[in-house]
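Q: Return atomic coordinates for the entry below.
(2 chains)
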Amino acid sequence: MTTVLIIAHAPLASALRAVAQHAYPDCAVDVQALDVSRDATAEQVEAEARSMIARQPSAETLVFTDVFGATPCRGATLLLGSLPLLLLEPQPF
Amino acid sequence: MTEPAMTGVGPRVGAGPAVAIVLAFAFAYFLSALLRAVTATLAPVFSAELGLQPADLGFLAGAYFLGFAALQLPLGRALDRFGPRRVQLALLSLAAVGCVAFSQASGLASLSAARLLIGMGVAACLMAPLTCYRHIFNASTQLRLNSWMLMTGSLGMLASTLPVQMMLPHWGWRGLFVGLAALLLVALSLIAWNAPRSSPANTVQSVGRYRDIMRHPTFIALAPLGFFSYGGLIAIQSLWAGPWLTQVSGRSAAQAAEGLFAINLSMLFAFMAWGGAMPHLAKAGLHARHMITWGLPASILVLCLIVALGPAASTWHWALWCVLSTCVSLSQPAVGQAFPPAWAGRALSAFNLLIFGGVFCLQWGIGLVIDGLGTLGWTRVASFQGAMGLFALCCTVAQLWFLWRQRRMVIMPAEPAHR
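A: Residues are numbered from 1 along each chain as shown, chains lettered A, B, ... in the order given. I've put the predicted structure just below:
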């Protein structure tokens, strides 16, 4: 089973996870949320996300982020350098 | 650029140094245009990371213009007294400090203060080169370089969109501003290395007053065009074309962004074409005032067509209007040429302040008219049509004023007047 990791500005990630839990209660354990505070750096986001991915039993993780180019997105982008990930880039406009 | 047009009013400027001077100033102006427009690209990031609301974003964008406008009149005097090179070196240092401060900012107050510094720091990025060109190049070359500088500005505005967006995941907005500070220092070094150290200003001519400039027949003839036509061009290009495309033409936000990109690209090529054509047109006896006399009425007709078409008017109509309106940009070097080189900084800066006053008033005023007509019961589309129709009327009055007053304008010589 693929794990979904939502990396977004606080409290959006947790809020989206709550929506997922509400709609699909049986999949709740496979959806993880990483809330990024205003003062977090991309490196801190990357470290936390890496730690969360390492704790997952599933081999595959699908990562969602919010605003293109903001800190959560940058943290997710940094993961690309160290994990076998595929970045699905959004259209900038 | 090797013809005698490069002859200076003092020592001759060879083709190589002339190209180096132009490229150094153009690089700084490219960065200033990028810095002006980049808040639009970064707005979603600022909203998400710093919680800025639309009004905050508007204030932040406006802080640039506040710093920019506040410095224009002292800037003109400084350009004539100290020369473009020294002024630009001092101000670009301020802009670099502003960029570093912006990269460290944590809220609206610190962001705005830093952006105010940036606006002040890039205040001379067009006026310093135009003043320098007034000192060392002949009239037709000044017109060419004015257009090519504006083309560089359009390129900077384009660079502030997609390229900046593509860099954000790697650099972040804070890293981006540190990078821009470094690039400003590169521009500063290029200007320090290449720009002429001397200025034709002297103490007698440097004590001239702005009142004398604003009473000059050429300034009086061109002032309404600068305020309404030139200011309106920038106001619509940088703000109102987008809402027209979404709220009148019914385009999506993504389609409107593509439309704005196309409009900016069209203007870039228009400025490039003006730069290539003006020296040849000048040789044929066609000067800036002829281009304005014939070109701007065509743009007013296209604007009237846009108003009449309403929802059917979209990107390419606005692009055509913008391209035809670019001939008003020739008014700025025309003002510079109407004065002796030692007055060029003040004359150009005074006209620039007028243009940006027009940008501010028209950006605000068009919005007020749209909202006002809406409260009177007009539909959104009709409100936009009414506001643009009123703007077209203002442009027509400005054009008629120019046609009436242009006979009193100083005839622009083909070469610097005192050669």
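
Q: what number of residues lie near the residue of chain A found nearest chain B?
A: Ranked by CB to the nearest CB, the top residue of chain A for proximity to chain B is A:Gly69, at 2.5 Å. In this view, the C-beta of every residue, glycine as well, is placed from N, C-alpha and C. A:Gly69 has 27 neighbouring residues, counting by other CB atoms under 10 Å in any protein chain shown.

Q: Could you report the pLDDT at the nearest residue to it once chain neighbours are set aside?
A: The shortest distance from A:Gly69 to any non-neighbouring residue, by CB to CB, 6 or more residues apart in numbering or on different chains, is to B:Leu168 (2.5 Å). The model reports B:Leu168 with a pLDDT of 85.

Q: B:Trp321 is in what secondary structure piece?
A: Of the helices and strands defined by DSSP states H and E, B:Trp321 is found in helix B:315-325.

Q: That should have said B:Leu301, apologies.
A: B:Leu301 belongs to helix B:288-309, assigned by DSSP H and E.

Q: for the record, mean pLDDT for that helix?
A: The pLDDT scores in helix B:288-309 average 93.

Q: Next, the residues that contact it from outside, please.
A: Contact partners of helix B:288-309, identified using CB atoms under 8 Å, 6 or more residues apart in numbering or on different chains, comprise B:143, B:225, B:229, B:281, B:313, B:317-318, B:320-321, B:324-325, B:327-328, B:330-331, B:333-334, B:385, B:388-389, B:391-392, B:395-396, B:399, B:402-403, B:406, B:409, B:412.

Q: at 6 Å instead, please
A: B:313, B:317, B:320-321, B:324-325, B:327, B:330, B:334, B:385, B:388-389, B:392, B:395-396, B:399, B:406 (CB atoms under 6 Å, 6 or more residues apart in numbering or on different chains).

Q: what number of residues lie near the residue nearest to A:Gly69?
A: Neighbour tally, B:Leu168, other CB under 10 Å: 23.

Q: Quick check: it touching A:Thr71?
A: No: using CB atoms under 6 Å, B:Leu168 is not in contact with A:Thr71, being 10.3 Å away.

Q: need the residues of the stretch 201-350 of chain B near chain A, please.
A: Counting by CB under 6 Å from any CB of the partner chain, the stretch 201-350 of chain B comes close to chain A at B:Ala254, B:Ala257.

Q: what are the ranges of the strands in the stretch 201-350 of chain B?
A: Assigned by DSSP state E, counting those that start in this stretch, the strands in the stretch 201-350 of chain B number zero.

Q: Repeat that for chain A.
A: A:3-9, A:31-36, A:61-65 (DSSP state E).

Q: can you redo these as JSON lines with distance to chain B?
A: Listed next are the strands of chain A as JSON lines, based on distance: least, CB to the nearest CB, whole Å:
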{"stretch": "strand A:3-9", "distance to chain B": "5"}
{"stretch": "strand A:31-36", "distance to chain B": "9"}
{"stretch": "strand A:61-65", "distance to chain B": "9"}
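
Q: and those as TSV, adding mean pLDDT and mean neighbour count?
A: Formatted as TSV, the strands of chain A follow (pLDDT from 0 to 100; neighbours: other CB atoms under 10 Å in any protein chain shown):
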stretch	mean pLDDT	mean neighbour count
strand A:3-9	91	22
strand A:31-36	93	22
strand A:61-65	88	21
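
Q: Could you save these as CSV and add columns showing distance to B:Gly67?
A: Shown next, in CSV, are the strands of chain A (distance: least, CB to CB, whole Å):
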stretch, distance to B:Gly67
strand A:3-9, 30
strand A:31-36, 32
strand A:61-65, 34
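
Q: quick one, which of those strands is nearest to B:Trp364?
A: Closest of those to B:Trp364 is strand A:3-9, at 31.9 Å (criterion: CB to CB).

Q: got the contact list for the closest one?
A: Applying CB under 6 Å, 6+ apart, the contact partners of strand A:3-9 are A:13, A:16, A:30-34, A:36, A:49, A:56, A:58, A:61-66, A:72, A:76, B:48.

Q: Apply 8 Å and report the result again.
A: The contact list for strand A:3-9 (CB under 8 Å, 6+ apart) reads A:12-13, A:16-17, A:20, A:30-36, A:38, A:45, A:49, A:52-53, A:56, A:58, A:60-67, A:70-73, A:75-76, B:48-49.

Q: Could you check how far that strand is from the centre of its chain?
A: When C-alpha coordinates are averaged (CA atoms, centre = their mean, to the nearest Å), strand A:3-9 and its chain have centres 2 Å apart.

Q: Could you tell me which strands sit next to that strand in the sheet, and their orientation?
A: strand A:31-36 (parallel), strand A:61-65 (parallel) (DSSP bridges).

Q: quick one: the nearest residue to B:Gly250 once chain neighbours are set aside and chain A, what's the gap?
A: The shortest distance from B:Gly250 to any non-neighbouring residue, by CB to CB, 6+ apart, is to B:Pro311 (6.3 Å). Relative to chain A, B:Pro311 is positioned 22 Å away (CB to the nearest CB, to the nearest Å).

Q: you'd agree B:Pro311 is up against B:Val381?
A: Yes: the pair B:Pro311 / B:Val381 is scored as a contact, 6.0 Å apart, by CB atoms under 8 Å.

Q: hey, what's in contact with both of these two?
A: Contacts common to B:Pro311 and B:Val381, judged by CB under 8 Å, 6+ apart, are B:Val248.

Q: Three-state assignment for whatever residue of chain B ends up closest to chain A, please.
A: With CB to the nearest CB, the shortest gap between chain B and chain A falls at B:Leu168, namely 2.5 Å. Following DSSP: H, G, I helix; E, B strand; the rest coil, the label given to B:Leu168 is helix.

Q: where's it relative to A:Thr2, distance?
A: Distance, B:Leu168 to A:Thr2, by CB to CB, to the nearest Å: 27 Å.

Q: how about low-confidence regions in the stretch 101-250 of chain B?
A: For the stretch 101-250 of chain B, the stretches with pLDDT under 70 are B:199-208.

Q: mind listing the helices for chain A?
A: Secondary structure of chain A by DSSP state H: the helices cover A:12-23, A:42-54, A:71-79.

Q: any bit of the second one sitting next to chain B?
A: Yes: Helix A:42-54 is in contact with chain B by CB under 8 Å from any CB of the partner chain, via A:Ala42.

Q: Can you tell me how far A:Thr3 is from A:Val45?
A: On the measure of CB to CB, A:Thr3 and A:Val45 end up 17 Å apart.

Q: now B:Leu23
A: According to CB to CB, B:Leu23 stands 40 Å off from A:Val45.

Q: For these two, indicate the residue with more neighbours.
A: Counting neighbours by other CB under 10 Å for B:Leu23 and for A:Val45 shows that A:Val45 has the greater number, 24 against 13.

Q: Mind checking if stretch A:72-85 is in reach of chain B?
A: Yes: under the criterion of CB under 8 Å from any CB, chain B is reached by stretch A:72-85 at A:Cys73, A:Arg74, A:Thr77.

Q: which one is the last one nearest to, not counting chain neighbours?
A: It refers to A:Thr77. Distances taken as CB to CB, 6+ apart place B:Pro169 nearest to A:Thr77, at 4.4 Å, with adjacent residues excluded.

Q: and that neighbour, how many residues sit next to it?
A: So B:Pro169, with other CB under 10 Å, has 21 neighbours.
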